[in-house]
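Engineer: dropping a prediction and its sequence here:
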Amino acid sequence: MGQTSQSIIINKSAEEVWKAINCFQDMSWTPNVITSLEQVGDIPGDQVGSKRILNGAFHETLLSLDKENKTFTYCVSDGPSPISSDEVSNYVGKVVVVEVEEGQAKVEWTSTWENNDEAAQEFCHNIYMALLADMKKSLE
C-alpha cells in the first residue's frame, strides 16, 4: 500500500481555515495549483457524494465530511499517470485541520492507495505540498 502525508502551519485559527476549505466543490484557496474545477452532478460540495474534476484530470468524490472535527475524506477514481485508474486503486485522501495554538492551525493532508506505490508517492507528495503552500499563501 502506498501512502503520503504532508502538513503545514497556517497563521489563522483552525475555524478560519476550515471555513475556507470545507466545501469540496470550492478550491478558490489554491488558485495557482487548481486552475479549473468542474462540479459533477447535483450533490452540493458540503454533502457526501459530491463530485468534482480538478484541472480536467482528477476525478474525485467526497466520502465523508466531519464539520465538528474539521476533517474530510475523498476518493480519486481516476487521474493522470501515475495515479490513473489503470495504475492505482482504492485511493483515499484525508484533510484534517487542528488548532495548534490560538490563531494558528495545522493542516494535514494524507492519502493511501494500492499499487504503483513509489511513482504515486512522489507525484502525490509534490502535488499536496504545492496545494498546502498555495493554501497558506491565500489564507494568510
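Structural biologist: Structure received.

Engineer: quick one: K137 is in a helix?
Structural biologist: Yes - checked against DSSP: H, G, I helix; E, B strand; the rest coil, K137 lies within a helix.

Engineer: burial measure for it, as a count.
Structural biologist: 13 (other C-beta atoms under 10 Å). Where C-beta positions appear, they are placed from N, C-alpha and C, glycine not excepted.

Engineer: mind listing what it touches?
Structural biologist: N32 (C-beta atoms under 8 Å, 6 or more residues apart in numbering).

Engineer: I'd like the numbering to begin with 25 instead of 1 from here.
Structural biologist: Taking 25 as the first residue, the last one we looked at is K161.

Engineer: any idea how far it is from I151?
Structural biologist: Distance of K161 to I151, given as C-beta to C-beta, to the nearest Å: 16 Å.

Engineer: quick check: longest strand of this structure.
Structural biologist: strand 113-125 (DSSP state E).

Engineer: what lines up beside whatever helix or strand comes next after it in the sheet?
Structural biologist: Next along the chain after strand 113-125, taking DSSP states H and E as the criterion, comes strand 128-138. On the basis of DSSP bridges, the sheet neighbours of strand 128-138 come out as strand 26-34 (antiparallel), strand 113-125 (antiparallel).

Engineer: which parts of strand 128-138 are buried?
Structural biologist: 129-135, 137 (16 or more other C-beta atoms under 10 Å).

Engineer: identify the bridge partners of Q27.
Structural biologist: Q27 has the following beta-bridge partners by DSSP bridges: T136.

Engineer: report how many residues lie close to it.
Structural biologist: Neighbour count for Q27, taken as other C-beta under 10 Å: 13.

Engineer: now the one 5 residues further on
Structural biologist: If you count neighbours by other C-beta under 10 Å, I32 ends up with 16.

Engineer: nearest spatial neighbour of it, skipping sequence neighbours?
Structural biologist: L156 (4.2 Å; C-beta to C-beta, 6 or more residues apart in numbering).

Engineer: just say helix, strand or coil for that neighbour.
Structural biologist: helix.

Engineer: for N114, see how far away it is.
Structural biologist: L156 sits 23 Å away from N114, going by C-beta to C-beta.
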